[in-house]
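**Q** sequence first, then the predicted structure, then my questions.
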Amino acid sequence: MRCGKCWASSEQRRSQASSSWRSLENERAWFSLRFSQQKKSRGVSNGGSVGATPHVVFVLGGPGSGKGTQCALIAEEEALGYAHLSAGDLLRAERNSGSELAGMINEFIREGKIVPAEVTVGLLRKAMEKSGKSRFLIDGFPRNPDNLAAWEASTAGGAVVVDFALFLDCPEEIMTERIMERGRSSGRIDDNEEAIRKRLVTYRESTMPIIKEFEARGKLREVNSDQTIEEVAVEVRRHISAIA
Ligand SMILES: Nc1ncnc2c1ncn2[C@@H]1O[C@H](COP(=O)(O)OP(=O)(O)O)[C@@H](O)[C@H]1O
Ligand SMILES: O=c1ccn([C@@H]2O[C@H](COP(=O)(O)OP(=O)(O)O)[C@@H](O)[C@H]2O)c(=O)[nH]1
């Protein structure tokens, strides 16, 4: 039975969970196949070189911390060779496409909750393929342990290298101010006070543990994003440029 806050009954969830595992198997197969083919065909760009294993930087931080702004600046520098993939943008595009997932995605976004991992991993996969690039800034993902597990299952065997997670650290009051300002023109259903409160709870409870996980692995780079866009960009670029 459907309710305002749940997008599916427990039966639907169970059936979705089993199809999720099947799709994860497909994702895994895809990453290995796709990128081994790329190596053979030497057909992808890599900031000048071709044929290398794809490299990813996850860009994490709370809502309004500046992830999209900073990723766009790096992607503008063509010589660096990065494709900017915003998980949120991909989800909003899928919702706007009117696909069968649209209603479910809309509910999760409205509630500031995290969309089931296999949906997001599938959208990222397609976007990576379409980009023709082999360096990726993945903006706003992984947001919880399920996201990370699904990503790792789909890239098992080293098909994709995660260089590090870049954490844009910003006080919640500043993030809230920025999003309220963005909400004046963004048209986003979640750029309002009520949704921001929910998104901040999700960030604290679900995404912070992922940031801590990358820290524990020695794979976290941190930037204070409570500075001007230009000041943040200098530090972000320094971390990106340090990748071999
Ligand atoms: N360093 C900054 N100082 C002030 N405003 C910023 C800064 N970085 C981003 N913004 C603004 O704050 C809002 C949120 O930034 P955005 O990059 O969309 O954040 P996120 O992708 O993390 O949600 C945007 O309107 C953006 O122009
Ligand atoms: O990997 C992701 C990325 C985004 N979202 C959803 O999309 C919303 C907006 O995310 P986005 O990164 O665009 O916004 P930000 O939090 O950076 O402002 C989030 O609150 C989630 O509901 C999600 O479920 N999984």
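**A** Looks like it came in fine. Ligands and ions are numbered 1, 2, ... in the order given.

**Q** mind checking the longest strand of this protein?
**A** strand 161-169 (DSSP state E).

**Q** that one pairs with which strands, parallel or anti?
**A** Strand 161-169 sits in its sheet next to strand 55-61 (parallel), strand 220-224 (parallel), going by DSSP bridges.

**Q** mean neighbour count, these: which tops it?
**A** Mean neighbour count (mean count of other C-beta atoms under 10 Å) peaks for strand 55-61 among those, with a mean of 24. (Each C-beta comes from the backbone N, C-alpha and C, glycine too.)

**Q** SS state for the residue sitting nearest the centre point of the chain?
**A** The residue lying closest to the centre of the chain (C-alpha atoms, centre = their mean) is F141, at 2.6 Å. Three-state call for F141 (DSSP: H, G, I helix; E, B strand; the rest coil): coil.

**Q** what residue ranges in this protein score low on pLDDT?
**A** Applying pLDDT under 70 to the chain picks out residues 1-51.

**Q** what does it put close to ligand 2?
**A** 63-64, 67, 86-88, 91, 108-109, 112-115, 120, 140-141, 143, 147, 190, 199 (C-beta under 6 Å from any ligand atom).

**Q** on contacts alone, who are the packing partners of the host helix or strand of A153?
**A** Secondary structure from DSSP states H and E places A153 in helix 145-154. For helix 145-154, the packing partners by 3 or more C-beta pairs under 8 Å, 6 or more residues apart in numbering; DSSP states H and E come out as helix 10-41, helix 117-131, helix 208-216.

**Q** go ahead and measure how far the second one is from the middle of the chain.
**A** So that's helix 117-131. Computed by C-alpha atoms, centre = their mean, to the nearest Å, the chain-centroid distance of helix 117-131 equals 10 Å.

**Q** where does the chain come near ligand 1, residue by residue?
**A** Counting by C-beta under 6 Å from any ligand atom, the chain sits next to ligand 1 at 61, 63-69, 178, 181-182, 225, 227-229, 232.

**Q** for ligand 2, what is the nearest residue in this protein?
**A** G88 (1.8 Å; C-beta to the nearest ligand atom).

**Q** you'd agree that residue is up against L124?
**A** No - judged on C-beta atoms under 8 Å, G88 makes no contact with L124 at a distance of 11.5 Å.

**Q** mind checking which of those two has more residues around it?
**A** For G88 versus L124, neighbours defined as other C-beta atoms under 10 Å are more numerous around L124 (23 against 19).
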